[in-house]
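Undergrad: Sequence plus predicted model, see below.
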Amino acid sequence: MKIICIGRNYAEHAKELNNAVSATPVVFMKPKSSLLQGATFYYPEFTKDLHYECELVLKICKNGKHIKEKFAKNYYQQITVGIDFTARDLQLQQKEKGLPWEIAKAFDGSAIVGNFIPLPEQDKPIHFSLLKNGEQVQVGDSKDMLFSFDTLIAYVSQYFTLHTGDLLFTGTPAGVGPVAIGDQLQGLIADQPLFDIQIK
């Protein structure tokens, strides 16, 4: 199982971090060890500026490579909401040096994945949100993605063979922000809670 992530897939999020919008999807990977086990996330010692990035996550349901966009819907049937945790201070340090920033994105436990649910009706926009300590801090909708699910599947599969069980994080909307020890994070699609984690 591999975790494939997409960056800068919402124009307003790219703007809030002063990043250019790319003409093609921005792709990075997280190892299997980044998948959080359980409902408790332990704040890592190597960062003082840990940020949540809430996003829709697809589960790949069949193997495929060089998938044409018109067939991409055959490769996912379930969706959830997750968090791509980012050590923002480390990321900025690495970017300033022109170095890769996996240490800021792919560390142990950095990928939160909620309970999967069947995809809504075909092509129906998917609304999702993140609550921090009961307050809504991030809101997104699949209709605002720069690259659709099908476009992402087609693009990624040019480079990586997709396998059943792989996860595709589809990018975060605007509203990312810091977390602190003691915070509680809940992720929802529409009004349905799909994860609930505690920061310790």
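TA: Structure's in. What do you need? Numbering: from 1, shown residues only.
Undergrad: What strand or helix carries residue 194?
TA: strand 192-199 (DSSP states H and E).
Undergrad: so where do the helices sit in the chain?
TA: Applying DSSP state H to the chain gives helices spanning 11-16, 88-96, 102-105, 149-156.
Undergrad: Quick check, central residue of the protein?
TA: residue 169 (3.7 Å; CA atoms, centre = their mean).
Undergrad: from memory that one sits against residue 35, does it?
TA: No. Using CB atoms under 8 Å, residue 169 is not in contact with residue 35; the gap is 11.2 Å. Backbone N, C-alpha and C define where each C-beta goes, glycine included.
Undergrad: Need the overlap of contacts for these two.
TA: 3, 111 (CB atoms under 8 Å, 6 or more residues apart in numbering).
Undergrad: Tell me where the model's unsure across this structure.
TA: 12-20 (pLDDT under 70).
Undergrad: and the residue of the chain most remote from its centre, how far is that from residue 91?
TA: Farthest-out residue of the chain from its mean C-alpha position, per CA atoms, centre = their mean: residue 97, at 24.7 Å. From residue 97 across to residue 91, the span is 11 Å (CB to CB, to the nearest Å).
Undergrad: Kindly report the same for residue 34.
TA: 15 Å.
Undergrad: just residue 80 next, same as before
TA: Distance from residue 80 to residue 91, by CB to CB: 24 Å.
Undergrad: which one of these two has more residues nearby?
TA: residue 80 (22 against 19; other CB atoms under 10 Å).
Undergrad: beta partners for that one?
TA: Residue 80 has these beta-bridge partners by DSSP bridges: residue 57.
Undergrad: List the residues that contact it.
TA: Applying CB under 8 Å, 6+ apart, the residues contacting residue 80 are 56, 57, 59, 113, 114, 115, 116, 117, 187, 189, 194, 195.
Undergrad: okay, now the residue nearest to residue 31 when sequence neighbours are not counted: neighbour count?
TA: Nearest non-adjacent residue to residue 31, counting by CB to CB, 6 or more residues apart in numbering: residue 106, 5.9 Å away. Counted by other CB under 10 Å, the residues lying close to residue 106 total 20.
Undergrad: Do I have it right that residue 106 meets residue 32?
TA: No. Assessed by CB under 8 Å, residue 106 is found out of contact with residue 32, at 10.4 Å.
Undergrad: Now do the shared contacts for these two.
TA: With CB under 8 Å, 6+ apart, residue 106 and residue 32 have no common neighbours.
Undergrad: Residue 155 and residue 2, how far apart?
TA: Applying CB to CB to residue 155 and residue 2 gives a distance of 16 Å.
Undergrad: For residue 196, name its beta-bridge partners.
TA: Residues in beta-bridge contact with residue 196 (DSSP bridges): residue 186.
Undergrad: isn't it right up against residue 185?
TA: Yes. If you go by CB under 8 Å, residue 196 and residue 185 touch, sitting 7.5 Å apart.
Undergrad: Leaving out the residues flanking it, which one is nearest to residue 148?
TA: Nearest to residue 148 is residue 142, by CB to CB, 6+ apart, at 7.8 Å.
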